[in-house]
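Peer 1: Need coordinates for the below:
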Amino acid sequence: MDAIDSAIIAELERDGRLTNVELAQRVGLTTGPCLRRVQRLEADGVIQGYRAVIDPVARGRAFEVLIDLGLESQDAETVERFEQTLAEAEEVLELRRLFGTPDYFVRVAVADLPAYETFLSQRVMTIPRIKNVTSHFTMKTVKAAL
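Peer 2: From the prediction side, this is the model:
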């Protein structure tokens with residue numbers, strides 16, 4: 001990757017809907033070479049995809065909760081069942097297995113507190129071998145990941 005590739009990536013991170021013509025103008029290339037670079041970055045897995053950023057209020061999922069979660073055991077069956085169950089839940093925006101304590105970090109988006117209570121009691125707490133769950137409620141989002 002060179003400086004032009006980095007500029008392409010920066011522009012697409014700001015606006016993934018740029019046309020190739022607009023992108024080429026912004027990075028100082030003609031359209032052909034710009035398109036070839038974008039295609040190469042996609043083929044190499046540097047650009048992994050494009051997505052729309054949706055207002056959580058419009059989706060009815062404005063209540064976000066961060067969860068620290070521990071398992072009673074780290075055996076393969078327990079870990080696989082837990083990860084598969086939560087990865088399939090539409091409420092789960094992010095699921096990370098961590099080194100140390102807690103075992104997992106989970107970011108959840110639901111409509112409101114009653115919806116979170118339902119998610120926690122009916123989806124999370126029904127998974128075998130959950131040891132502990134600590135919920136953190138956001139006071140204010142200072143900087144969000146996109």
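Peer 1: Check the gap between the residue of the chain most remote from its centre and residue 12 for me.
Peer 2: Distance to the chain centre peaks in the chain at residue 30, reaching 33.4 Å (criterion: Cα atoms, centre = their mean). Residue 30 sits 18 Å away from residue 12, taking Cβ to Cβ, to the nearest Å as the criterion. All C-beta spots, glycine's among them, are computed from the backbone N, C-alpha and C.
Peer 1: which residues touch residue 66?
Peer 2: 105, 106, 107, 108, 135, 136, 138 (Cβ atoms under 8 Å, 6 or more residues apart in numbering).
Peer 1: Is it correct that it falls within a helix?
Peer 2: No - using DSSP: H, G, I helix; E, B strand; the rest coil, the assignment for residue 66 is strand, not a helix.
Peer 1: That one bridge partners, please.
Peer 2: residue 107, residue 136 (DSSP bridges).
Peer 1: State the distance from it to residue 109.
Peer 2: 11 Å.
Peer 1: buried stuff in stretch 57-65?
Peer 2: Across stretch 57-65, burial judged by 16 or more other Cβ atoms under 10 Å covers 61, 63, 64, 65.
Peer 1: er, stretch 106-113 I mean
Peer 2: With burial defined by 16+ other Cβ under 10 Å, the residues of stretch 106-113 counted as buried are 106, 107, 108, 109, 110, 111.
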